[in-house]
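[1] After the sequence you'll find the predicted model.
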Amino acid sequence: WCDEMMTVGRIRRSLAATIQTTTPSAFPPLYYILMNLWCRIFGYSEFALRLPSVIFSMLGILFSFVLAKDMFGWKIALTAATFLSLSVYNIHYAQHAKQYAMVWCLGAASMAFFYRFIRHGRRWDLAGYVLATAVSVYTLYVGFLFLVIHYVALFVFRLEKNKRRDWFLGQIVLVASFLP
(Lines give C-alpha, C1' and ligand atoms only; values in the text may rest on other atoms or scores of the structure.)
Protein backbone atom coordinates (compact mmCIF):
# COMPACT_ATOMS: atom_id res chain seq x y z
CA TRP A 1 0.00 0.00 0.00
CA CYS A 2 1.02 3.64 -0.34
CA ASP A 3 2.65 4.07 3.08
CA GLU A 4 4.73 0.94 2.59
CA MET A 5 5.93 2.29 -0.74
CA MET A 6 7.02 5.44 1.08
CA THR A 7 8.99 3.25 3.47
CA VAL A 8 10.70 1.54 0.54
CA GLY A 9 11.41 4.91 -1.05
CA ARG A 10 13.11 6.14 2.11
CA ILE A 11 15.22 3.04 2.75
CA ARG A 12 16.28 2.09 -0.78
CA ARG A 13 19.22 4.49 -0.67
CA SER A 14 22.49 4.74 1.14
CA LEU A 15 22.26 4.86 4.92
CA ALA A 16 23.35 8.51 4.90
CA ALA A 17 20.65 9.39 2.36
CA THR A 18 18.04 7.53 4.42
CA ILE A 19 18.98 9.55 7.48
CA GLN A 20 19.05 12.79 5.50
CA THR A 21 15.59 12.26 3.99
CA THR A 22 13.96 11.29 7.29
CA THR A 23 15.48 14.02 9.44
CA PRO A 24 13.22 16.86 8.24
CA SER A 25 10.24 14.48 8.07
CA ALA A 26 7.28 14.12 10.44
CA PHE A 27 8.64 10.67 11.28
CA PRO A 28 11.78 10.06 13.36
CA PRO A 29 14.61 8.24 11.55
CA LEU A 30 15.22 5.12 13.68
CA TYR A 31 12.73 2.78 12.01
CA TYR A 32 13.99 3.74 8.56
CA ILE A 33 17.63 3.27 9.62
CA LEU A 34 16.84 -0.21 10.96
CA MET A 35 14.88 -1.09 7.82
CA ASN A 36 17.69 0.19 5.59
CA LEU A 37 20.13 -2.12 7.37
CA TRP A 38 17.62 -4.99 7.48
CA CYS A 39 16.94 -4.85 3.75
CA ARG A 40 20.65 -4.79 2.93
CA ILE A 41 20.78 -8.25 4.50
CA PHE A 42 17.36 -9.73 3.66
CA GLY A 43 16.36 -7.87 0.51
CA TYR A 44 13.27 -5.90 -0.47
CA SER A 45 10.72 -8.64 -0.93
CA GLU A 46 7.28 -8.14 0.57
CA PHE A 47 8.08 -10.84 3.13
CA ALA A 48 11.41 -9.25 4.11
CA LEU A 49 9.88 -5.79 4.41
CA ARG A 50 7.04 -6.96 6.65
CA LEU A 51 8.88 -9.50 8.84
CA PRO A 52 10.26 -6.90 11.31
CA SER A 53 6.69 -5.78 12.05
CA VAL A 54 5.70 -9.38 12.78
CA ILE A 55 8.68 -9.75 15.12
CA PHE A 56 7.93 -6.49 16.93
CA SER A 57 4.28 -7.42 17.24
CA MET A 58 5.17 -10.75 18.83
CA LEU A 59 7.63 -9.04 21.19
CA GLY A 60 4.91 -6.53 22.08
CA ILE A 61 2.67 -9.41 23.09
CA LEU A 62 5.51 -10.80 25.22
CA PHE A 63 6.11 -7.47 26.99
CA SER A 64 2.36 -7.08 27.54
CA PHE A 65 2.30 -10.57 29.04
CA VAL A 66 5.17 -9.67 31.39
CA LEU A 67 3.42 -6.47 32.49
CA ALA A 68 0.08 -8.22 33.04
CA LYS A 69 1.80 -11.05 34.95
CA ASP A 70 3.57 -8.59 37.23
CA MET A 71 0.39 -6.63 37.86
CA PHE A 72 -2.31 -9.30 37.95
CA GLY A 73 -0.81 -12.81 37.81
CA TRP A 74 -0.50 -15.65 35.30
CA LYS A 75 -4.15 -16.18 34.39
CA ILE A 76 -4.77 -12.55 33.48
CA ALA A 77 -1.42 -12.41 31.64
CA LEU A 78 -2.30 -15.45 29.52
CA THR A 79 -5.73 -13.99 28.80
CA ALA A 80 -4.23 -10.64 27.79
CA ALA A 81 -1.62 -12.30 25.57
CA THR A 82 -4.30 -14.43 23.93
CA PHE A 83 -6.52 -11.43 23.22
CA LEU A 84 -3.58 -9.46 21.86
CA SER A 85 -2.61 -12.38 19.64
CA LEU A 86 -6.09 -12.39 18.16
CA SER A 87 -6.55 -8.61 18.06
CA VAL A 88 -7.54 -7.35 14.62
CA TYR A 89 -5.47 -4.21 15.11
CA ASN A 90 -2.39 -6.11 16.24
CA ILE A 91 -2.64 -8.49 13.29
CA HIS A 92 -3.28 -5.58 10.91
CA TYR A 93 -0.22 -3.59 11.95
CA ALA A 94 1.96 -6.70 12.18
CA GLN A 95 1.50 -7.07 8.42
CA HIS A 96 2.66 -3.61 7.35
CA ALA A 97 6.14 -2.33 6.62
CA LYS A 98 5.65 0.66 8.90
CA GLN A 99 6.86 1.58 12.39
CA TYR A 100 3.55 1.04 14.23
CA ALA A 101 4.26 -2.49 15.52
CA MET A 102 7.72 -1.37 16.61
CA VAL A 103 6.47 1.61 18.60
CA TRP A 104 3.71 -0.52 20.13
CA CYS A 105 6.30 -3.10 21.21
CA LEU A 106 8.54 -0.40 22.67
CA GLY A 107 5.58 1.16 24.50
CA ALA A 108 4.73 -2.19 26.07
CA ALA A 109 8.40 -2.69 27.01
CA SER A 110 8.61 0.81 28.44
CA MET A 111 5.52 0.27 30.57
CA ALA A 112 6.70 -3.15 31.76
CA PHE A 113 10.11 -1.81 32.80
CA PHE A 114 8.48 1.27 34.35
CA TYR A 115 6.17 -0.85 36.48
CA ARG A 116 9.00 -3.16 37.54
CA PHE A 117 11.15 -0.20 38.58
CA ILE A 118 8.30 1.39 40.53
CA ARG A 119 7.63 -1.89 42.26
CA HIS A 120 11.17 -3.20 42.89
CA GLY A 121 13.48 -0.20 42.40
CA ARG A 122 16.06 -2.16 40.41
CA ARG A 123 18.40 -0.07 38.29
CA TRP A 124 18.29 -2.73 35.57
CA ASP A 125 14.57 -2.07 35.15
CA LEU A 126 15.17 1.68 35.11
CA ALA A 127 17.79 1.24 32.37
CA GLY A 128 15.33 -0.87 30.36
CA TYR A 129 12.67 1.80 30.84
CA VAL A 130 14.96 4.63 29.72
CA LEU A 131 16.17 2.67 26.69
CA ALA A 132 12.71 1.50 25.57
CA THR A 133 11.20 4.96 26.03
CA ALA A 134 14.00 6.79 24.22
CA VAL A 135 13.97 4.32 21.33
CA SER A 136 10.18 4.61 21.09
CA VAL A 137 10.45 8.37 20.62
CA TYR A 138 13.09 7.91 17.91
CA THR A 139 10.71 5.43 16.25
CA LEU A 140 7.54 7.54 16.31
CA TYR A 141 6.91 10.80 18.15
CA VAL A 142 3.86 9.29 19.83
CA GLY A 143 6.47 7.77 22.16
CA PHE A 144 6.34 11.06 24.05
CA LEU A 145 2.84 10.05 25.16
CA PHE A 146 4.38 7.14 27.05
CA LEU A 147 6.21 9.70 29.18
CA VAL A 148 2.95 11.48 29.97
CA ILE A 149 1.34 8.19 30.96
CA HIS A 150 4.30 7.33 33.19
CA TYR A 151 4.27 10.70 34.94
CA VAL A 152 0.55 10.39 35.61
CA ALA A 153 1.15 6.86 36.93
CA LEU A 154 3.76 8.22 39.32
CA PHE A 155 1.00 10.12 41.10
CA VAL A 156 -0.96 6.87 41.43
CA PHE A 157 1.94 4.65 42.53
CA ARG A 158 3.66 7.24 44.75
CA LEU A 159 7.35 6.63 44.15
CA GLU A 160 9.13 5.70 47.37
CA LYS A 161 11.84 8.05 48.62
CA ASN A 162 14.64 5.52 48.17
CA LYS A 163 13.80 5.25 44.42
CA ARG A 164 13.48 8.97 43.68
CA ARG A 165 17.19 9.68 43.15
CA ASP A 166 17.56 6.84 40.65
CA TRP A 167 14.34 7.90 38.91
CA PHE A 168 15.57 11.49 38.61
CA LEU A 169 18.93 10.35 37.19
CA GLY A 170 17.09 8.11 34.73
CA GLN A 171 15.01 11.09 33.59
CA ILE A 172 18.17 13.13 33.05
CA VAL A 173 19.57 10.37 30.83
CA LEU A 174 16.25 10.15 29.01
CA VAL A 175 16.11 13.90 28.35
CA ALA A 176 19.77 13.88 27.26
CA SER A 177 18.94 11.12 24.76
CA PHE A 178 16.47 13.50 23.06
CA LEU A 179 19.07 16.22 22.51
CA PRO A 180 20.40 14.82 19.21
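    Cool, got the structure. Numbers count the residues shown, from 1 in each chain.
[2] Which elements pack onto the helix or strand hosting residue 89?
    For residue 89, the host element (DSSP states H and E) is helix 88-94. Where contact means 3 or more Cβ pairs under 8 Å, 6 or more residues apart in numbering; DSSP states H and E, helix 88-94 is packed against helix 46-72, helix 100-120. All C-beta spots, glycine's among them, are computed from the backbone N, C-alpha and C.
[3] Off-centre distance for it?
    15 Å (Cα atoms, centre = their mean, to the nearest Å).
[4] swap in stretch 124-143?
    On the basis of Cα atoms, centre = their mean, stretch 124-143 sits 6 Å off its chain's mean C-alpha point.
[5] Rounded mean pLDDT for it, please.
    What stretch 124-143 shows for mean pLDDT is 94.
[6] contacts for that stretch?
    Here stretch 124-143 makes contact (Cβ atoms under 8 Å, 6 or more residues apart in numbering) with 26-31, 99-100, 102-103, 106-107, 109-110, 113-114, 116-117, 144, 146-147, 150, 166-167, 170, 173-174, 177-178.
[7] export the helices and strands packed on helix 88-94 to TSV and tack on distance to residue 7?
    What follows is the helices and strands packed on helix 88-94, written out as TSV (distance: least, Cβ to Cβ, whole Å):
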stretch	distance to residue 7
helix 46-72	7
helix 100-120	11
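[8] between those, which gets nearest to residue 88?
    Nearest to residue 88 among the helices and strands packed on helix 88-94 is helix 46-72 (12.5 Å), distances taken as Cβ to Cβ.
[9] quick one, the closest one and helix 100-120 angle?
    Using axes from the mean of the first three to the mean of the last three Cα atoms, to 10 degrees, the inter-axis angle of helix 46-72 relative to helix 100-120 is 20 degrees.
[10] how near is the spatially closest residue to residue 93 that is not a sequence neighbour to residue 12?
    Nearest residue to residue 93 in three dimensions, chain neighbours excluded: residue 100, at 4.4 Å (Cβ to Cβ, 6 or more residues apart in numbering). Separation of residue 100 from residue 12 (Cβ to Cβ, to the nearest Å) stands at 20 Å.
[11] any idea what sits nearest the residue most central in space within the chain, other than its immediate chain neighbours?
    Nearest to the geometric centre of the chain sits residue 106, at 1.7 Å (Cα atoms, centre = their mean). In this structure, residue 106 finds its nearest non-sequential neighbour in residue 136, 3.7 Å apart by Cβ to Cβ, 6+ apart.
[12] More neighbours: which of residue 100 and residue 12?
    A count of neighbours by other Cβ atoms under 10 Å puts residue 100 above the other of residue 100 and residue 12, at 21 against 13.
[13] Mind giving me the packing neighbours of the helix or strand harbouring residue 9?
    Element membership for residue 9 (DSSP H and E) is helix 2-11. Applying 3+ Cβ pairs under 8 Å, 6+ apart, one finds that helix 2-11 contacts helix 15-22, helix 30-42, helix 46-72.
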